[in-house]
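*Asks:* Here you go, sequence then predicted model.
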Amino acid sequence: MTETIDRFAAILQAKGITIFARIDQQAEAEKAGLSLPPTQLLLFGNPKAGTPLMVAEPTIALDLPLKVLVWKATDGKVWMSYNDPNYLKQRFSLSDELVKNIAIIAPLIHQVLL
């Protein structure tokens, strides 16, 4: 699982995309005396891409920066989950032009899965 998020982080860095935070939710659960399968959340983005979206619709800041959740299921499979840009377009009534600013997420994830 760690290899998957590491590959994704390397792709982001190679593209000049800022990684704002990497949260190891399994480690945080363990600190609280709880058990959680491997789960990490990566927050990333580009202020030049995200700022115009927040100017147009300030509440999209609830979903920005972009996030990818990488988690290991009980069957051992590793999953990458994220909010699809089309979902965000609908949720925040964004124009097609603005959605292009965040549409890179799916192709980046696809690179990890190859």
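*Replies:* Great, that's in hand. Numbers count the residues shown, from 1 in each chain.
*Asks:* Can you show me the strands along this protein?
*Replies:* 18-24, 39-45, 66-72, 78-81 (DSSP state E).
*Asks:* a markdown table for these, including distance to residue 111, mean neighbour count and mean pLDDT?
*Replies:* Just so you know, the C-beta spots here come from the backbone N, C-alpha and C atoms, and that holds for glycine as well. Output for the strands of the chain, formatted as a markdown table (distance: least, Cβ to Cβ, whole Å; neighbours: other Cβ atoms under 10 Å; pLDDT from 0 to 100):
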| stretch | distance to residue 111 | mean neighbour count | mean pLDDT |
| --- | --- | --- | --- |
| strand 18-24 | 16 | 13 | 98 |
| strand 39-45 | 14 | 19 | 98 |
| strand 66-72 | 12 | 20 | 97 |
| strand 78-81 | 11 | 13 | 95 |
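*Asks:* so can I have TSV of those showing distance to residue 55?
*Replies:* What follows is those, written out as TSV (distance: least, Cβ to Cβ, whole Å):
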stretch	distance to residue 55
strand 18-24	19
strand 39-45	15
strand 66-72	17
strand 78-81	27
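*Asks:* Nearest to residue 109 among these would be which one?
*Replies:* Nearest to residue 109 among these is strand 78-81; the distance by Cβ to Cβ comes to 5.5 Å.
*Asks:* now that closest one: how far from the chain's centre is it?
*Replies:* 11 Å (Cα atoms, centre = their mean, to the nearest Å).
*Asks:* Thanks a lot, see you next time.
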